[in-house]
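Student: got a predicted model here, sequence first, then my questions.
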There are 2 protein chains.
Amino acid sequence: MAKALNIDPSTVSRALNDKPGVRPELRRKIKEKAEELGYIVSFQARSLKTKKTMTIGIILSDIKNPFFLDFLDGVEKTLFPRKYKILLATSNENIQKEKTYLTWFMEHGVQGIIIAPTCTKSGKNNLSFFRQIKKNGIPIVFYDRKLESGSLEFDSVTINNYEAIVSAVKYLVVEMGHKKLGLCLTEPLVYTLRERFRGFIDGCKMFNAKYDKKWIITLTKDEKENMKKLKVLFKESGPTAVITTNHLITQYILKATREFNKKIPKDISLIAFDDNIENQIYDPPLTTIKQPVLSLGKNAATIIIGRLDGEDYPPQNIVLNSELVIRNSVKKLKNKK
Amino acid sequence: MAKALNIDPSTVSRALNDKPGVRPELRRKIKEKAEELGYIVSFQARSLKTKKTMTIGIILSDIKNPFFLDFLDGVEKTLFPRKYKILLATSNENIQKEKTYLTWFMEHGVQGIIIAPTCTKSGKNNLSFFRQIKKNGIPIVFYDRKLESGSLEFDSVTINNYEAIVSAVKYLVVEMGHKKLGLCLTEPLVYTLRERFRGFIDGCKMFNAKYDKKWIITLTKDEKENMKKLKVLFKESGPTAVITTNHLITQYILKATREFNKKIPKDISLIAFDDNIENQIYDPPLTTIKQPVLSLGKNAATIIIGRLDGEDYPPQNIVLNSELVIRNSVKKLKNKK
DNA sequence: TTGAAAGCGCTAACAG
DNA sequence: CTGTTAGCGCTTTCAA
């Protein structure tokens, strides 16, 4: 670079990085010249020496979920002022792809990784690779989901999925008089969904609601198949209320409702996961379980930054609270036994 | 690294990178050892030599717009097989922040930049900086928007915004008998919106529709203010149909409709920009202008890859076609003169 | 206060 | 086929 100034690179480095030991006048001159030449340091070169790339790797599990927009927003807001940059990846719920990206992240020297870890249908995940990464000194934060077996080893930020569904069930049963409940999930059954599932089962037991195996529906990417599966919800003998567990499922249910010419909440009541603006605007406005998504992102990024600043305490498992936002998609049933 | 094998690093490099000139047996041994040790190359070091970081910088203009999910999906799908990684940034429609990220991208040695360039209210943009970047040999692709003054210098992928609105106007006027039209925009008035605005004005002239300055509404982040502004749409003397120009605006209109206790399309007809699933599911399903967003992302990434592969032709300005998807949010008016 | 020298981990050119 | 050498652009001792 500005060896056009006929001085040693080390001096330039000191000047530009505001390190002590440069005559103010010279420093000014160097900075001016740098500006003039449009000089830009090479992080490649710098980080080779300093081991700091100032990048954080983020892995989404499914880039199509609007959940991630708010999440990324939270992460970016936190990272930007600290000058950390985001290397973005998506696993598409595929552990092989996840591993590929993790490897790439390591190759690129990310200083931390924020990830919603996926798993296979049979429950396999990349735990051993996460361990290896951690052993290499790269902090990892799980968000949205975590690996149960890794709770004591890794930081995580999740929401109270279990309690969220339990209180949704409680609301349906105790306050609104529903007795027959359904639940919709997707595969793979990652941590988050397992927790929600558990909350549903336990909630039903706690409050004496009835659920049928058939009313717990697992949707796939096959839309036709899904519509067929959803039919059961609208049968005379079907559930009177249904809970969804993510954005896409909610859309499917709404679509099915329309297709089968049913109305919410007249024909079926609905509690939707995620408080997207569409859910608020829908007719009728949907009762939702609102996750603090932005906060999730901010917390995940904050933990990483803390670790990079050398904070050294045992793994944190932060659990944020969700909130039941009551609108008009649940009908009040008379308690005719 | 595997100087644990007691051989020279250059040999290791050759072996691992499948370069010719290594005894198969030795190569195998090296690869095995690398696997065993969990060896991971350093791109920092490699790229210092090769000048290839295998990263592409992507700048979004507003991370909250679901438009970008599909876009990113398209980009990622194209980049992943080529092993290019995504460095993600968002300008939040702030040219200063945009410039900061551009600088960071250069520091990190991105090999290409894909950006929806923003501008100030008064129309200022980072053109001169884009020029400087290009002069440094980094290809830039504008997507969604472009800088008119830079069309001959830079690659771009946009949609036919002007024609899209013209045909929406045509549909409203010629097919559905509307005579009084409104339009909703946001600031800053970037290229895309200017084009849509132009399409609206020209369309109204072409098909003899009436529009009033008051019916062209520019929304801000102040929600209360927005609601006030939107009132005019629902006046007796107001427009009979309105066209929105992005996702968020559509939500505002739907919200306003609900708040003012009006119905679509009975009280006002609506054509919404972007064919999000929510718009399809809404009651009534909305007539929309559908952008090929995924394709936008794929095209942008494809151009960048082409440039990196050394393709050297004049700047391309790809224009993709949008499509008017007709549903039930526009009422057919009788042609009583 | 500045320069000289070494080295971060890798690859490429040249020898052997 | 393999090792030696040099150097990518920067930062960090150590000397001057």
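Tutor: Nice, I can see it.
Student: surely A:Asn136 touches A:Phe105?
Tutor: No. Look at A:Asn136 against A:Phe105 with Cβ atoms under 8 Å: they stay out of range, at 11.1 Å. Glycine gets a C-beta too; all of them are placed from N, C-alpha and C.
Student: so the two - more neighbours on which side?
Tutor: A:Phe105 (25 against 10; other Cβ atoms under 10 Å in any protein chain shown).
Student: in which helix or strand would I find that one?
Tutor: helix A:95-107 (DSSP states H and E).
Student: interface residues of the stretch 151-300 of chain A facing DNA strand D?
Tutor: Applying the criterion Cβ under 7 Å from any atom of the strand, no portion of the stretch 151-300 of chain A neighbours DNA strand D.
Student: give the bridge partners for the residue of the stretch 151-300 of chain A found nearest DNA strand D, please.
Tutor: Taking Cβ to the nearest atom of the strand as the measure, the stretch 151-300 of chain A has A:Asp155 as its residue closest to DNA strand D, at 27.1 Å. As for beta bridges, A:Asp155 partners with A:Val141 under DSSP bridges.
Student: shaky segments in chain A?
Tutor: A:1-4, A:335-337 (pLDDT under 70).
Student: quick check, central residue of it?
Tutor: The residue lying closest to the centre of chain A (Cα atoms, centre = their mean) is A:Asp144, at 4.4 Å.
Student: with adjacent residues omitted, what lies nearest to that residue?
Tutor: A:Ala116 (4.4 Å; Cβ to Cβ, 6 or more residues apart in numbering or on different chains).
Student: chain A: strands as residue ranges?
Tutor: Taking DSSP state E, the strands of chain A run over residues A:55-60, A:85-90, A:112-115, A:140-143, A:155-159, A:180-186, A:210-219, A:241-244, A:269-273, A:287-290, A:317-320, A:323-325.
Student: of those strands, which approaches DNA strand C most closely?
Tutor: strand A:55-60 (16.3 Å).
Student: now, of the strands of chain A, which is deepest in the fold?
Tutor: strand A:241-244 (a mean of 29; mean count of other Cβ atoms under 10 Å in any protein chain shown).
Student: ok, that one near chain B or not?
Tutor: No. Contact of strand A:241-244 with chain B (Cβ under 8 Å from any Cβ of the partner chain) is absent, the minimum separation being 13.1 Å.
Student: okay, now the sheet partners of that strand, with direction.
Tutor: strand A:180-186 (parallel), strand A:269-273 (parallel).
Student: contacts for the shortest one next, please.
Tutor: Strand A:269-273 is touched from outside by A:168, A:171-172, A:176, A:178, A:196, A:240-247, A:249-250, A:253, A:264, A:279, A:286-289, A:291, A:324, A:329-331, with contacts defined as Cβ atoms under 8 Å, 6 or more residues apart in numbering or on different chains.
Student: circling back to that earlier point, can you say which of the strands of chain A is nearest to A:Gly297?
Tutor: strand A:140-143 (7.5 Å; Cβ to Cβ).
Student: helices or strands next to that closest one in the packing?
Tutor: Strand A:140-143 sits against strand A:112-115, helix A:127-135, strand A:155-159, helix A:293-308, with contacts defined as 3 or more Cβ pairs under 8 Å, 6 or more residues apart in numbering or on different chains; DSSP states H and E.
Student: let's see that with 10 Å instead.
Tutor: strand A:55-60, helix A:67-79, strand A:112-115, helix A:127-135, strand A:155-159, helix A:293-308, strand A:317-320 (3 or more Cβ pairs under 10 Å, 6 or more residues apart in numbering or on different chains; DSSP states H and E).
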